[in-house]
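Novice: the following block contains a protein sequence and its predicted model.
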Amino acid sequence: MSKAVANSAGSSPRLAQSCLILTAALLAVFPAFAYFGYLRSGASGLTAAGVAGGVCWLAGLVSLMLIGTFRGQQAAVNALLLAILVRTGLPLVVGLVLTEQGGELARAGVFGMILGYYLVALVVDTLLSVRLLSSGKESLS
């Protein structure tokens, strides 16, 4: 079995754990965003908080999966750059599209909530990515 295949097979528990940690972190801050959204816009604010959290959660999960899948391989740098693009680009594009469309979500401040969630997700995702990448070096030695 090659090192890349062995590394990919051994990364599943650590990758799954990282995804669960990201999910727990974003769920932990949801009540604050939901409260702010509800005070600002009622039910639309709750929806905006859910959409913002979901977008940043999805971007973070895809980012972690890219890093976890390709860590320790020749394509690790490419995967890391693609993960950064996904982690940054998806929330930015969704926020801009929702703001340009107008409507209830835009009035409820969905773009600001996406930015807030993004900051939380960025910190957690970066720490988990470093952890995944450092464990990839250990498994290859």
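Specialist: Everything's here; your move.

Novice: which parts of this structure are helices?
Specialist: 3-10, 12-41, 43-70, 76-101, 103-107, 110-140 (DSSP state H).

Novice: what's the fifth one packed up against?
Specialist: Read it as helix 103-107. helix 43-70, helix 76-101 (3 or more C-beta pairs under 8 Å, 6 or more residues apart in numbering; DSSP states H and E). Where C-beta positions appear, they are placed from N, C-alpha and C, glycine not excepted.

Novice: where does this structure dip in pLDDT?
Specialist: Within the chain, the segments meeting pLDDT under 70 span 1-11, 136-141.

Novice: most centrally placed residue in it?
Specialist: Geometric centre of the chain, nearest residue: G60, 1.5 Å, by C-alpha atoms, centre = their mean.

Novice: circling back: and the helices of the chain, which is most packed in?
Specialist: Among these, helix 43-70 has the highest mean neighbour count (mean count of other C-beta atoms under 10 Å), at a mean of 22.

Novice: isn't P91 right up against A59?
Specialist: Yes - P91 lies in contact with A59 (C-beta atoms under 8 Å); the separation is 5.4 Å.

Novice: who are the contact partners of the residue nearest to the centre of the chain?
Specialist: L22, L26, R87, A121, V124, D125 (C-beta atoms under 8 Å, 6 or more residues apart in numbering).

Novice: what sits closest to the third one if chain neighbours are left out?
Specialist: Sequence neighbours aside, S63 is the residue nearest to R87 in space, at 4.1 Å (criterion: C-beta to C-beta, 6 or more residues apart in numbering).
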